[in-house]
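Asker: Task: produce atomic coordinates for the following.
(chains A and B)
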Number of protein chains: 2
Amino acid sequence: MAPELKLLSLWASPYCMRVAIALNMKKVQCEVIEEDLRNKSDLLIKLNPVHKKVPVLIHNGKPICESLIIVEYVDEVWPEDGTRQAILPKDAYCRAMERFWADFIDKKIFPPAYFALRKQGDEQQKAIADFYESYAILEGALAKVSEKPFFGGKKLNFVDVILAPLACWLLALEELAGINVNKCESYPRLCEYFKAVREHPAVANVLPDDKKESEHFRKLRNL
Amino acid sequence: MAPELKLLSLWASPYCMRVAIALNMKKVQCEVIEEDLRNKSDLLIKLNPVHKKVPVLIHNGKPICESLIIVEYVDEVWPEDGTRQAILPKDAYCRAMERFWADFIDKKIFPPAYFALRKQGDEQQKAIADFYESYAILEGALAKVSEKPFFGGKKLNFVDVILAPLACWLLALEELAGINVNKCESYPRLCEYFKAVREHPAVANVLPDDKKESEHFRKLRNL
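Answerer: Numbers count the residues shown, from 1 in each chain, chains lettered A, B, ... in the order given. Predicted structure coming up:
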């Protein structure tokens, strides 16, 4: 019997997209239940009482929360085989390095990007400055990977699963915060990265349309 | 030949204590190099150029940064055997649960505790309120563990390695922020927890004296 797998999700959330990408890499089917964050479901509050946030993966009735933790869980439950790709490598040092960059992206790339999109004035300017600083560090890290285009070389790795969903925020970052992340002379590897990410079979059907995401943030601003 | 193992550390840092506890559980010897954070060593800046923070574990010349990532690395490199205790369990769901609470402690317990000790006025009051909210959640989580006294029952687990160093901040929290975490009627399980933690052989020699830690924060305030 196939495992019962459900994902409490939000179409616009890159944290939820990470889980969807991981499940795609594992060729695992999952029922997606769309949440309304202005009117959270009883199920969400029951299954994630601490943070009350999506994504929540429900596997045979048991909830797993927090995107990085869910992605590691997915990698452990459905290990690499003929059809399923590995997310984390076997070597302990390589695992630690991937966890380091995934953590950096989670703490230093997504939060300032989000605040650059949601805040105004001084708070926005501070977020934009923080984002540029972290983005330059990320470009440097990717430039050290000899094989192009991903952090995992030709294949996606853990870092890629965590970073890839940023692709759908790039237009919004440009339109709403004036952040020119598409300036390929400054970020040649990341520019190439996000082009390749959009076309990757495990990612392509997960990312919403850039314009829809930008419009979503524009509406949130005007609420 | 024994592996060459060094730890860039700071005696007052609970993040560094986590690594020392993990190494004790694995019965692994390590040379501790004390850093001066007001005058960071070239080695620290070279090995952790992104965050420039301790702890950094150096294993056969290669650096690993960020305490949660280091503890997982230590658990993977020196797995459970007759003399070495496991830190994370084998079951994927149990691993995800331990990672969830370790992450909660890292994000929702230590940062407000630190700000309660370092800030004044409104910022301190906000930190104190955040701390109390998270501490009550943590008490509830520990109360659900049937076997006392640790999150791992009779043995330390990953959650315990991450939380245990808070023991040495409790006096400072009381003296400098008026947080009465030793009020055992409000936090019976955590009260019992920190008593047991202080006597655990993998923790006892790692924790600095409470009074020395409180004095350390008092001095930082007056700088």
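Asker: what's the burial count for residue A:147?
Answerer: 10 (other CB atoms under 10 Å in any protein chain shown). Placement of C-beta: from N, CA and C, glycine included.
Asker: May I see the buried residues of stretch A:21-32?
Answerer: Across stretch A:21-32, burial judged by 16 or more other CB atoms under 10 Å in any protein chain shown covers A:21, A:22, A:23, A:24, A:25, A:26, A:28, A:30, A:32.
Asker: For the residues you listed, work out which two are farthest apart.
Answerer: Greatest spatial distance in the buried residues of stretch A:21-32: A:25 and A:32, 16.3 Å, computed using CB to CB.
Asker: Residue numbers of chain A in contact with chain B?
Answerer: Proximity of chain A to chain B, by CB under 8 Å from any CB of the partner chain, involves residues A:50, A:59, A:62, A:64-66, A:69-70, A:72-73, A:76-77, A:92-93, A:95-96, A:99-100, A:103-104, A:137.
Asker: List the residues that contact residue A:56.
Answerer: The contact partners of residue A:56, by CB atoms under 8 Å, 6 or more residues apart in numbering or on different chains, come to A:7, A:8, A:44, A:47, A:48, A:63, A:64, A:65.
Asker: quick one, phi psi at it?
Answerer: Main-chain torsions, residue A:56, degrees, to the nearest 10: phi -130, psi 120.
Asker: Check the spacing between it and chain B real quick.
Answerer: To chain B, residue A:56 is 11 Å away according to CB to the nearest CB, to the nearest Å.
Asker: In space, what's closest to that residue - neighbours in sequence excluded?
Answerer: Spatially, and ignoring its direct neighbours in sequence, residue A:56 is nearest to residue A:8 (4.2 Å; CB to CB, 6 or more residues apart in numbering or on different chains).
Asker: For that neighbour, which residues count as its bridge partners?
Answerer: Beta-bridge partners recorded for residue A:8 (DSSP bridges): residue A:33, residue A:56.
Asker: could you show me where the helices are in chain A, in order?
Answerer: A:14-25, A:42-47, A:67-77, A:92-104, A:110-118, A:121-143, A:158-163, A:170-177, A:188-199, A:210-222 (DSSP state H).
Asker: Quick check: which of these has the most neighbours on average?
Answerer: Among the helices of chain A, helix A:158-163 has the highest mean neighbour count (mean count of other CB atoms under 10 Å in any protein chain shown), at a mean of 28.
Asker: That one: how far from the chain's middle?
Answerer: 7 Å (CA atoms, centre = their mean, to the nearest Å).
Asker: now for that helix, which elements pack on it?
Answerer: If contacts are counted by 3 or more CB pairs under 8 Å, 6 or more residues apart in numbering or on different chains; DSSP states H and E, helix A:158-163 sits against helix A:14-25, helix A:67-77, helix A:92-104.
Asker: for the last one, packing partners?
Answerer: Taking 3+ CB pairs under 8 Å, 6+ apart as the contact definition, the neighbouring helices and strands of helix A:92-104 are helix A:121-143, helix A:158-163, strand B:62-65, helix B:67-77.
Asker: how about 7 Å then?
Answerer: Judged by 3 or more CB pairs under 7 Å, 6 or more residues apart in numbering or on different chains; DSSP states H and E, helix A:92-104 is in contact with helix A:158-163, strand B:62-65, helix B:67-77.
Asker: ditto for the shortest one
Answerer: For helix A:67-77, the elements it packs on are helix A:14-25, helix A:158-163, helix B:92-104, judged by 3+ CB pairs under 7 Å, 6+ apart.
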